[in-house]
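>>> Pasting a predicted model and its sequence here:
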Amino acid sequence: MDDVAIIGVGLHPFGRHGDKSPYEMAADAVELALTDAGVTWNDVQCAFGGSWGVWTDPLTGLVGLTGLPFIHVFSACATGAATIQQAANAIRAGDGDIVVAVGTDKHARGSFKGDPTTTNVPVWYRENGQYVTTKFFGMKINKYMHDHGITPATLAKVAAKNYRNGALNPKAFRRKPITEEEILSSQMLNYPLTSYMFCAPDEGAAAVVLCRADMAHRFTDTPVYVKATAIRTRNYGSYEVNTTWAPVEEDVAPTVHASRAAYEDAGIGPEDVDVIQVQDTDAGAEVIHMAENGFCADGDQEKLLADGATEITGPMPVNTDGGLIANGEPIGASGLRQVHELVLQLRGQAGDRQVQGDPRVGYAQVYGAPGTAAVTILAR
Amino acid sequence: MQKPIANVFTWPADDPQLLGGKCDRCGTVTFPVQARCPRCGSQGMAELPLPRRGTLVSWTTQGFPPTVDYRGDPTGESFEPYGVGLVQLDDVVRVESRLTESDPEKLDFGMEVELRIVPFYVDNDGNEIVTFAFAPVGAQNSEER
């Protein structure tokens, strides 16, 4: 579809920001996105905000009490993609010609501290030490490595690449390269995943200005079109984050369903994608998501990583801004950070981390509890 | 006195079993029993004791103390990593569970495991709370009951 265009993006740096509130970070991101688009908040006719930690519509108290419809969205780690989808659909539905998607969060240090009663898992699951998202990722990659011949060295290569890419990104949280040896020898958190293979919850905000595609050239010479957005939850048969059981019969992960739907809507295939962003909650997740999104066959990652295929200079660059591993994960903003990066890449504005060869198609995937995946495909 | 962490296994019992739920309409099995069937929406989920033995589909270790309301002993500085796995009980259902073994060298895909009820923590009233875990078949465990 070519009916919705992105005309502005803005990102508040991810990291730790002292007393700065999630609303103040979001207001900065919105201002950057509006300036990028050449519009003002008064031009915005509808907005969707995403956050785990705060309601987002009080943001209007900082950016403008214009009375616009401002709807709060939450789909866990897929929240950013959900705000983009809702914004695009609002334009298609005629709710507005210019619509903003914004996300923000400000998480405490350490692993996420969710209340299991908000995710429909029993209290004993928490007391028993099972309400830990990272152990699910450990189990998933452990089996994947066993089934498909992936080694810990490949996990280390993924993390090292993302730290290197983060070092090229002035707005990243982690900007220091870390060697594969340091990654492999850091604390074992959830076998086979070590501390440096994981992303960390942190703070940040991102915003995107979308408009009716037929208006886009009024605002920019380089509109980026929203070709597809797809969100999928668990099918019967998938074993996902925070579940006490799974059926014996297996289904593929929600990401596979979301990916297939997005390719179909966009009318393209993985071979057409020039820049890739996937959910790298941990290095293993990036490995698995390369296959779940159709970019390679199961097991090919071992050779692809050894060959540097997913580097910025490689044929299939993955997580060019450092991904979650280098940026951390303010949940509400994370999916919009991916979109921010893809838009910069497709415009040729990504600076030191610019993918060469005039990239035209970008792909973003997010995944989170309790098994919700979203895919966004963008193209010039 | 000894108390179970929750009413999700038969206890006390010589051969304790996890308590699942089975849909009276489509036969879907869950663990634990829940109000409605996740497949067809039926409210007719009847309690079903699950097989005591199974195979390890996948596993990992928990190398740091969970941050929210974790009750296991010991926590803090003296925390000891524990194993977690997905266990397939015959062809009935898969359950996520603690494992009695946390050494990656001693865990393997497809290995046979069986249910144990193990001491977990002592609550404020002095009750010994027990929980469920799966152990490699034939493994000796000093804490096993």
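Yes, it's here.

>>> Tell me how many other residues crowd residue A:208.
Neighbour count for residue A:208, taken as other C-beta atoms under 10 Å in any protein chain shown: 32. C-beta here means a position set from N, CA and C on the backbone, and glycine is covered the same way.

>>> and what of the one 3 residues further on?
Summarising burial for residue A:211: neighbours were counted as other C-beta under 10 Å, giving 27.

>>> Ok, residue B:118 next?
By other C-beta under 10 Å, 15 other residues sit near residue B:118.

>>> Which helix or strand contains it?
In this structure, residue B:118 is located in strand B:112-122 according to DSSP states H and E.

>>> quick one: contacts of that strand?
A:128, B:4-5, B:9, B:11, B:16-18, B:52-56, B:71-73, B:85, B:87, B:99-100, B:128-137, B:141, B:143-145 (C-beta atoms under 8 Å, 6 or more residues apart in numbering or on different chains).

>>> Generate a PyMOL selection restricted to the buried subset of those residues.
Buried residues within those, by 16 or more other C-beta atoms under 10 Å in any protein chain shown, are selected in PyMOL with:
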select buried, (chain A and resi 128) or (chain B and resi 4+5+9+11+16+17+18+52+54+55+56+71+72+85+87+99+100+129+130+131+132+133+134+135+136)
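
>>> about what we covered before: quick one: buried residues of the strand holding residue B:118?
For strand B:112-122, burial by neighbour count (16+ other C-beta under 10 Å) applies to B:113, B:114, B:115, B:116, B:117, B:120, B:121.

>>> Specify the local secondary structure of the closest residue to chain A within chain B.
Closest contact between chain B and chain A, by C-beta to the nearest C-beta, is at residue B:60 (3.2 Å). Three-state call for residue B:60 (DSSP: H, G, I helix; E, B strand; the rest coil): strand.

>>> is it true that it touches residue A:139?
Yes. At 4.6 Å, residue B:60 counts as touching residue A:139 under the criterion of C-beta atoms under 8 Å.

>>> Tell me who's in contact with the residue lying farthest from the centre of chain B.
Residue farthest from the centre of chain B, counting by C-alpha atoms, centre = their mean, is residue B:25 at 26.3 Å. Counting by C-beta under 8 Å, 6+ apart, residue B:25 makes contact with B:37, B:40, B:42, B:44.

>>> One more: residue A:29?
Listed by C-beta under 8 Å, 6+ apart, the contact set of residue A:29 reads A:10, A:11, A:12, A:102, A:104, A:205, A:206, A:207, A:333.

>>> Next step: the residues you listed restricted to helices.
Mapping these onto helices (DSSP state H) picks out residue A:333.

>>> want to try CSV for the contacts of residue A:29, with neighbour count, distance to residue A:348 and pLDDT as columns?
CSV is the format used below for these (neighbours: other C-beta atoms under 10 Å in any protein chain shown; distance: C-beta to C-beta, whole Å; pLDDT from 0 to 100):
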residue, neighbour count, distance to residue A:348, pLDDT
A:10, 24, 18, 98
A:11, 26, 17, 98
A:12, 27, 23, 98
A:102, 31, 25, 98
A:104, 33, 28, 98
A:205, 34, 24, 98
A:206, 34, 20, 98
A:207, 34, 21, 98
A:333, 35, 24, 98
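
>>> Next step: the contacts of residue A:29 restricted to strands.
Those of the contacts of residue A:29 mapping onto strands are A:10, A:11, A:12, A:102, A:104, A:205, A:206, A:207, per DSSP state E.

>>> Pairing partners for the first one in the sheet, please.
As for beta bridges, residue A:10 partners with residue A:207 under DSSP bridges.

>>> Surely it and residue A:206 touch.
Yes. If you go by C-beta under 8 Å, residue A:10 and residue A:206 touch, sitting 6.9 Å apart.
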